[in-house]
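In: following is a predicted model, sequence given first.
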Amino acid sequence: MRKMISFLAAVAVAIGLCGATGAPSADGTTGMSKQAEAAVVEVLGDSSAGTGFVYDAAQGLIATAASSVAGQEDLAVVIAGGQPVPAELVGSDLCQGLAVLKVSSPPAGLSALAFGDSDLVFAGDAIRSLGYPDAGTEGATVAVSPGEAVDEPAGESIPAPSSPDYPSVVRHSAPVKGGSIGGPVLNDDGEVIGINTGDWLEEDGRMFLAISSNHATSELPGLAAGAEKNDPGWRLIAVSDALLPADPSVHGIKQPAQNAQKRLQDEGIDGLFVGAVRKGSPADKANLRQGAVITTVNGGGVSSFSEVCDVVDPASSGDKLDLEGVYSGVGEAGHTFGDTWSAELTLEGAS
């Protein structure tokens with residue numbers, strides 16, 4: 001059974017990386033690599049970094065993952081290995097995992113990637129995943145990782161218990177690293193058929209998840225027009241369905257969390273494990289900490305991220321979320337396993 005881990009702002013292990021930006025790929029498709037890499041940008045925020053790509057050169061529009069930019073100030077992008085250029089967040093939706101940035105004065109000759117039809121991607125198709133695995137660090141390189149699409153075709157709904165229920169996703173085997181989140185997944189024609197947003201853990205290894213191009217293109221126009229949803233500033237992992245990694249430090253969890261997760265499951269406690277909290281975010285201001293488990297939101301039980309999004313999506317800035325839960329006994333939250341807690345979180349940002 002497939003298990004999802006740390007859907008938003010996931011950190012994955014990178015293998016098989018190629019060299020610096022613009023270097024030929026391992027399979028010799030140099031022309032496609034250089035053209036694609038010229039459109040891939042490094043996204044820098046005040047406390048996070050990731051990857052994005054230009055999809056409208058005339059307007060300077062960049063698509064990325066919402067988790068890479070949510071709640072960030074002083075955003076900038078690095079285009080083709082140049083100097084950071086200020087960028088404006090014009091629209092984002094954390095529950096859909098997408099965001100649009102705009103460079104007000106795009107450089108002449110800016111490259112852009114075209115979207116392909118993700119409904120035409122099937123198991124076994126060759127794909128490429130591009131991104132900055134070491135985003136935010138000096139000397140970051142673009143990863144060009146050959147791989148194969150696996151399992152369901154992109155147009156088929158794939159339930160993700162600790163994520164929004166996207167109408168369409170692409171699951172693939174091309175390794176990406178944390179800073180590569182928001183980067184494009186390309187087909188053989190160099191077209192974007194997915195936007196990397198997280199990873200899955202299966203019994204025989206890790207798979208990677210990308211929002212399909214067909215879903216992205218249905219959402220991007222609204223985001224480019226200024227649509228934005230609230231960002232509580234947390235990363236949540238479903239207790240009942242998520243499988244925490246063998247090395248929890250990969251996800252910033254300093255203590256073994258598998259035992260706590262199993263104990264929660266054994267005692268029938270369902271909810272969402274708080275995997276991380278961004279400093280200064282509404283979740284931080286509500287004193288939520290890693291290791292707390294959210295069991296109810298506004299009086300209703302929650303066991304998946306999509307259920308939380310059902311409450312957050314229609315809310316407005318200033319609306320309050322009444323949260324209740326228990327402590328898992330691990331992580332930064334401290335406290336004894338099973339101790340109860342409650343908090344009031346005030347949403348911030350556009351609705």
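Out: Right, received. Where do you want to start? Numbering: from 1, shown residues only.
In: which other helices and strands does the helix or strand where Ala283 lies contact?
Out: Here Ala283 sits within helix 282-285, counting by DSSP states H and E. Judged by 3 or more C-beta pairs under 8 Å, 6 or more residues apart in numbering; DSSP states H and E, helix 282-285 is in contact with strand 272-277, strand 340-346. For glycine as for every other residue, the C-beta is placed from the backbone atoms N, C-alpha and C.
In: can you put those in TSV and add mean neighbour count and mean pLDDT?
Out: Formatted as TSV, the helices and strands packed on helix 282-285 follow (neighbours: other C-beta atoms under 10 Å; pLDDT from 0 to 100):
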stretch	mean neighbour count	mean pLDDT
strand 272-277	24	80
strand 340-346	15	96
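In: now those in CSV, with distance to Asp117?
Out: CSV is the format used below for these (distance: least, C-beta to C-beta, whole Å):
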stretch, distance to Asp117
strand 272-277, 34
strand 340-346, 40
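In: what's the next secondary structure element after the helix holding Ala283?
Out: Next in sequence after helix 282-285, counting helices and strands by DSSP H and E, comes strand 292-297.
In: what lies in contact with that following strand?
Out: Identification of contacts with strand 292-297 by C-beta atoms under 8 Å, 6 or more residues apart in numbering yields 236, 239, 264, 269-274, 301-302, 307-308, 311, 321-328, 331, 333, 341.
In: can you flag the buried ones in these?
Out: Buried by 16 or more other C-beta atoms under 10 Å: 236, 239, 264, 269-274, 302, 307-308, 321, 323-328, 331, 333, 341, out of the contacts of strand 292-297.
In: rewinding a little: just the ones in helices from the contacts of strand 292-297, please.
Out: With DSSP state H as the criterion, helices contain 264, 307-308, 311 from among the contacts of strand 292-297.
In: dump these to a markdown table, plus distance to Ser111 and pLDDT.
Out: Output for the ones in helices among the contacts of strand 292-297, formatted as a markdown table (distance: C-beta to C-beta, whole Å; pLDDT from 0 to 100):
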| residue | distance to Ser111 | pLDDT |
| --- | --- | --- |
| Leu264 | 48 | 85 |
| Glu307 | 40 | 88 |
| Val308 | 37 | 89 |
| Val311 | 40 | 90 |
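In: just these now: which is nearest Gly226?
Out: Comparing the ones in helices among the contacts of strand 292-297 against Gly226 with C-beta to C-beta picks out Val311 as the nearest, at 22.6 Å.
In: spatially nearest residue to that closest one (excluding sequence neighbours)?
Out: Distances taken as C-beta to C-beta, 6 or more residues apart in numbering put Val297 closest to Val311, at 5.2 Å, once the chain neighbours are dropped.
In: good, we can wrap up now.
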